[in-house]
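What would the 3D arrangement of this be:
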Amino acid sequence: MLLLADLAPGAAEDLLRRHGLMLVRVADGATIPGSYWGEPEAGVIGDAVYARADTPVHSLLHEACHLIVAPPEKRTTIHTDASESQAEEDATCYLQILLADDLPGIGSTRLMADMDAWGYSFRLGSTRAWFEHDAEDARAWLEVNGRLPLAPAQACG
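Numbering: from 1, shown residues only. The predicted model follows:
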């Protein structure tokens, strides 16, 4: 499983900054503020994603994407639990797969494998099967809500 420590220096900060977010790096062994699942999973509070060096990249992206899909006026109220619906959760998963291609050395294929290893569950049995054959509603949600990146990466490539 790829960790924040495995990313190129500044890569996560740059990606989050492009989406109006900030990464707050937490010291090794310290409690991660706003973590829904507990350490080492990422946390969210307002416009910030909290993570340690041992935080999985899929978790960092997932929590960041929760903030990206949230309306800007709602972001300031988010603390720990960011999802309001299954549709929003699905959109978050879809977007994290797309954004994985914006992180050097990560990519959607590797991210989806890490999502499966962590235990994400989808009707079709794997993240990749869901993304390729069952995620039309998630993509549509992102499009309707104006949250699809302007130039989305070609996932699964």
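
Send me the lowest-mean-pLDDT helix or strand in the chain as PDB with only the CA atoms.
The helix or strand of the chain with the poorest confidence is helix 72-75; it has a mean of 86 (mean pLDDT, DSSP states H and E). Presented in PDB, the C-alpha positions along helix 72-75 are these (Å, rounded to 0.1, in the frame of the first residue of the first chain):
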ATOM      1  CA  PRO A  72     -17.600  25.600  -0.700                       C
ATOM      2  CA  GLU A  73     -20.000  26.900   1.900                       C
ATOM      3  CA  LYS A  74     -20.300  23.500   3.500                       C
ATOM      4  CA  ARG A  75     -16.500  22.900   3.700                       C
END
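
Tell me the buried residues in it?
Arg75 (16 or more other Cβ atoms under 10 Å). Every C-beta, even on glycine, is put in place using the N, C-alpha and C of the backbone.

Next SSE downstream of whichever helix in the chain runs longest?
Using DSSP state H, we find that the single longest helix of the chain is helix 86-100. Next in sequence after helix 86-100, counting helices and strands by DSSP states H and E, comes helix 107-118.

if we look at that following helix, which residues are touching it?
Residues outside helix 107-118 that contact it (Cβ atoms under 8 Å, 6 or more residues apart in numbering): 1-2, 56-59, 61, 93, 96-98, 100-101, 126-128, 131, 153, 155-157.
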